[in-house]
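K.L.:
Give me the fold of what follows.
(2 chains)
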Amino acid sequence: MSGIVPAPIARQPWQMLFPLFGLIGFGALVLTSAAAGDFDAYAKSHLIRFLVLFGMAVVISRLSKPLVSFFTYPAYLVILLLLMAVEIVGQVGGGSQRWLEVGPIRIQPSELMKPAVIVALAHYYGSLPVGMIPNWRALLPAAGIILAPMAFVLLQPDLGTSLAIAFGGGVVMFLAGLPIRWFIFAGVAGIAAIPLAFFFALQPYQQDRVTTFLDPESDPLGEGYQITQSKIAIGSGGIFGKGFNEGSQSHLNYLPEPHTDFVFATMAEEWGLIGGIFVLGAFAIILRWGLSVARAASDRFSKLLAAGMTATIFFYVAINLLMVMGFAPVVGIPLPFISHGGSSMMTNMICIGVLMMVHRWNRNAPRTGLIT
Amino acid sequence: MGIFGRRKIGAKPRELVSQTTLENAFNRRTFVIGGAMGGIGTILAARMAYIAIAENERWVLESESNRVNLSLIPPRRGWILDRNGAPLASNRADFRVDVIPDRMNDPEQTLSSLADILDLPDTTVADITKRIDDARGFQPVEVAVGLNYDQFAAISVRLPDLPGVVPQRGFSRFYPTGPSVGHLLGYVGPASAEEYEERPDPILITPGYKIGKDALEQQFEQDLQGKPGARRVEVTASGRIVRDLETREDVQGDPVRLTIDGPLQDYAARRIGLESGSCVVLDCETGDVLCMSSMPSFDPNSFSQGIGRVEYAMLREDERVPLRNKVLKGLYPPGSTVKPMHCMAFLDAGVKPEETIMCNGGRRIGNRFFNCWSNHGRVDMAKAIYQSCDSYFYHFAQQVGFEKVAEWAHKMGLGEEFELPVTSQFYGTVPSPEWKLRRRESEWQPYDTVNSSIGQGYYLTNPLQLAVMAARLATGDKVMPRLRLTDEKPQFEHFDFSPEEIDYVRQAMSDTVNGPGTAGRARLPFDDILMAGKTGTAQVVSLSISDGKTGPWKYRDHGLFVFFAPFDKPKYAGAVVIEHGGGSGSAYPIARDVMTYLFDPAKGLEALRALEEQWGGTAQQRLDSKYRAYAAAAGASVPPVPTRDEDIFDQVEAEARLAARPDRELAEGANRRREDDQASSQISRAPPSAQTPERQAASAAAETSQESGR
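P.N.:
The predicted structure follows:
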């Protein structure tokens, strides 16, 4: 930026930070409205959480590449153990749960696992000899890195998170340069497996969600109700919305989860298409910046790392928005930076922190050529 | 080389993967990923724009229909007024509770909570459960009305735990005189599923909305129902009302003003007392029906709150058929009450009043001898009326032919249906040769004339027809009864009788009461007002079964009395019919007291009070105590009320026809028996002694009517 701004400040990735702050601030407004005008209910903790986690992101951004490389696998293993611990505690406790409570802190290892898988995969492919990449034997460790946590998350059961892990891992492998036919083959196999998965792998409530998604009117008071109410909220907002704190769908409790999964519908009702374009635009800028960081990275590890983190954020945004607009089944995935909720904020801020870190690495060791 | 990195397998055993190719692949694939992201972003934006702009109207509408709940306010029903403007049916503000089965999660649980709060008896709970089972889900089912404020508040507070329960302030129908107007007015109730299907108006399934279910309440439904109000409220998804948006007041239904004189209606009903019967009083000048009481009756107040199974069972099992409006649907042989009317027919046929016959305790018609109830000696027309001499009518009916008599019977209103706003009238039978041929497919016989001439045989009339006959006799006008009060004074066609002829019959009927007639005890307690009348006793079974005066109630004779007053300038006319009263002696004291009340209410009430003390209270009080006794005895083991409104009365009607049958069977049976008998056996019988109106005198002549007044 310009000369009068001190260099340490000018160095920061403002093209990402401005939209981010915008989303957070807008999120606070929407959350205030979701609590019927009560700032303290959701918005306050939303802002406090952001401040704390932004501090964490800044700390992450200061990490050096060797340090990250060194701790990648141990961290991955620790989180995998935590996931297993969740499963064991859940079994002992006699019920499924997704978090561990350590004193006042509630850790949700499956959330931590999303960035951890990406870091581990990026590290794996970054250090893999180039010639090994199209070799199917090299695929096995990578598959293990993805499938082990997926298996445990599915056991919880948490379909959304396991899909997020698969998506993040898949994007990293795709960008790592694996042969394209493997992906085509996997895609065909995946499509073939859908009916099997639907009937044997999904829980009854998940099956319901899928059937409801395909035919919302089949269950107008149950799962379909949520999607319908969400569409009513978005549709009735029109272009300019009903105005701040004027949304009847959220205030009169027609909209399910107006502050978490369906926060976008809450927003759209009051801010209309304009608000929606703003949110989409902000995400577009942030994601575009993420990809540009990946492209500008100097080595394979950094590239894959940045691209994977961007993909993770994208996955959240896309699935959430597809869901509230009736294009995807109802899966419990919140909208990054706007939805109220600590664990998704943490995951997304880790992603942001990692992207800022790669951004810093890029500046310190500018990309000079094709070779690292 | 493919776009994404790998060469075709067949080209080389192993393609060259270098840092550079990977770098290129990464850049290309990043581009693809970025493009996919942008594509999905664009799809999302387009989708959102589509929902928010193209479909905006639809979703705004849905959002409004979510937010705003339109609830109808049942209109207050129009009042039914008597001729003086006093309410016969009005509305009472109260608290009520309904349930909507569709919205209940666990009907049994909810109902038992309600039963606890409201302290409902088991039978009531069973009734409600049945109604919930029978109702279509969206139809409200009434749980209780007339709650006190504490009960109402207790339910309102617990509403979140009681889904589907609707407590509200409303109005319930109130009939101040209860059973006295039950048959006249009918009652109200929630619309049935059939009614809703016929007219799917949402007001019909609004809790608290009632429609007329019988009689005038049903007939005047259009006038009475009014226009529902509406309340627009903002509600949450769970149905909690956030605020009122707009309220439109209901428009009360129009009042309907009847010709009925409320107090008289009540008086007559109460005066019937323990008997089962009816009393009709008309205004001769206008045809206004001043009272049409039918007792015993039901209490329309409790019917309108939903008929309890105990009460229904009690009413249904009662042999005195309290569910039948006897004024319109009770058919009785008119007996001697038709004699004055037959005299008018004779006069019209040219019979002179002075013409006499000899009553020798009966009369020979053709080659058979028919008994009279007494030996009257020389009888002219006047004596034939006030002494009710059968022989006179045997003779002259035979002389003028019964076609002529039947024609006059119709002119006088018998066998006729009147244009009245009532749900149904049984119009009975006026026998005639033509009728018999058509309905019985047999020739008219002389004994048919004999039977019919004294109002027996196939003759069947309802009390209203008898009252109309009395009014037409009294005035010589074709008085038409009416129930709805209008300002215009109706003009009636005048029958072609000279004033002398009319006066003659009036005088003879006055003598029945005030002279040497059969109803001396019917004399009014006034010096200046004389009532004219004619007694009648209608046999219900053959004399071989019962003497008609004692023994089982249902075998006793019907007592009838038609009357008008003042006799010389008739203002009021009417009829009293007491079922199985044991003779006309049960009927004319009631007529006397009713007319006394009409002219002097204090004197009339005095007489009634003394009687009610003996009977154990007013009609309402007796009904209530009877109900308590019945409920205590029956407990919960009573069958439920039929679901369809029609069935409630149909069952009774079926019995009613069954009960009416003995009359006809008697007539036929008597005829048949007589056919079998040899006429000689009749002739050989000694004439009865003049002093005994007792039945043994006429035991063989089952077809004759017996006067028992003196």
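K.L.:
what sits against the residue in chain B that chain A sits nearest to?
P.N.:
Closest to chain A within chain B is residue B:59: 2.6 Å, counting by CB to the nearest CB. From N, CA and C alone the C-beta is placed, and that goes for glycine too. Shown in contact with residue B:59 (CB atoms under 8 Å, 6 or more residues apart in numbering or on different chains): A:231, A:232, A:234, A:235, A:236, B:51.
K.L.:
where's it, which helix or strand?
P.N.:
Using DSSP states H and E, residue B:59 sits in helix B:56-67.
K.L.:
avg pLDDT for that helix?
P.N.:
Averaged over helix B:56-67, pLDDT sits at 87.
K.L.:
does any bit of the helix or strand following that helix sit next to chain A?
P.N.:
Using DSSP H and E, the helix or strand that follows helix B:56-67 in sequence is strand B:68-73. No: judged by CB under 8 Å from any CB of the partner chain, strand B:68-73 stays clear of chain A, getting no closer than 9.0 Å.
K.L.:
Packing partners of strand B:68-73?
P.N.:
Judged by 3 or more CB pairs under 8 Å, 6 or more residues apart in numbering or on different chains; DSSP states H and E, the packing partners of strand B:68-73 are strand B:229-235, strand B:241-248.
K.L.:
ok, residue A:203 to residue A:331 distance?
P.N.:
Distance of residue A:203 to residue A:331, given as CB to CB, to the nearest Å: 12 Å.
K.L.:
The two: who's more crowded?
P.N.:
The residue with more neighbours, out of residue A:203 and residue A:331, is residue A:331; 20 against 10, by other CB atoms under 10 Å in any protein chain shown.
K.L.:
How about that one: what's its closest non-neighbour residue?
P.N.:
Sequence neighbours aside, residue A:160 is the residue nearest to residue A:331 in space, at 4.1 Å (criterion: CB to CB, 6 or more residues apart in numbering or on different chains).
K.L.:
Tell me how far the strand or helix carrying that neighbour lies from the chain's centre.
P.N.:
According to DSSP H and E, residue A:160 maps onto helix A:159-175. Centroid separation for helix A:159-175 versus its chain: 10 Å, with CA atoms, centre = their mean, to the nearest Å.
K.L.:
residues making contact with that helix?
P.N.:
Contacts with helix A:159-175, where a contact means CB under 8 Å, 6+ apart, come from A:110-111, A:113-114, A:117-118, A:121-122, A:125, A:142, A:145-146, A:149-150, A:153-154, A:183, A:202, A:206, A:294, A:303-304, A:307-308, A:311-312, A:315-316, A:319, A:331-333, B:26, B:29-30, B:33.
K.L.:
mind running it again at 7 Å?
P.N.:
Contacts of helix A:159-175 from elsewhere in the structure, counted by CB atoms under 7 Å, 6 or more residues apart in numbering or on different chains, are A:110, A:113-114, A:117-118, A:121-122, A:125, A:142, A:146, A:149-150, A:153-154, A:183, A:206, A:304, A:307-308, A:311-312, A:315, A:331-333, B:26, B:29-30, B:33.
K.L.:
Excluding chain neighbours, what is closest to residue A:274?
P.N.:
Nearest residue to residue A:274, sequence neighbours excluded (CB to CB, 6+ apart): residue A:240, at 6.0 Å.
K.L.:
Just the element for that neighbour, please.
P.N.:
Counting by DSSP H and E, residue A:240 is part of no helix or strand.
K.L.:
Please read off the pLDDT at residue A:139 from the model.
P.N.:
At residue A:139, pLDDT is 87.
K.L.:
list the contacts for residue B:129?
P.N.:
Applying CB under 7 Å, 6+ apart, the residues near residue B:129 are residue B:111.
K.L.:
Extract the CA atoms of stretch B:174-188 and return them as CSV.
P.N.:
The C-alpha coordinates for stretch B:174-188 follow below in CSV (Å, rounded to 0.1, in the frame of the first residue of the first chain):
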residue,chain,number,x,y,z
PHE,B,174,-79.4,-19.7,26.3
TYR,B,175,-83.1,-20.7,26.4
PRO,B,176,-84.5,-19.1,29.5
THR,B,177,-87.5,-21.4,29.7
GLY,B,178,-85.6,-24.5,28.9
PRO,B,179,-87.8,-27.5,28.2
SER,B,180,-90.9,-25.4,27.5
VAL,B,181,-89.4,-24.3,24.2
GLY,B,182,-87.4,-27.4,23.4
HIS,B,183,-89.6,-28.7,20.7
LEU,B,184,-90.6,-25.4,19.4
LEU,B,185,-87.2,-23.9,18.9
GLY,B,186,-85.0,-27.0,18.6
TYR,B,187,-81.4,-26.5,19.7
VAL,B,188,-78.0,-25.6,18.3
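K.L.:
For that stretch, buried residues please.
P.N.:
B:174-175, B:177-188 (16 or more other CB atoms under 10 Å in any protein chain shown).
K.L.:
repeat for stretch A:240-252
P.N.:
So stretch A:240-252, judged by 16+ other CB under 10 Å, has buried residues A:241, A:242, A:247, A:248, A:249, A:250, A:251, A:252.
K.L.:
quick one: that stretch to chain centroid distance?
P.N.:
The chain centre lies 27 Å from the centre of stretch A:240-252; the measure is CA atoms, centre = their mean.
K.L.:
can you give me the end-to-end distance of that stretch?
P.N.:
20 Å (CA to CA, to the nearest Å).
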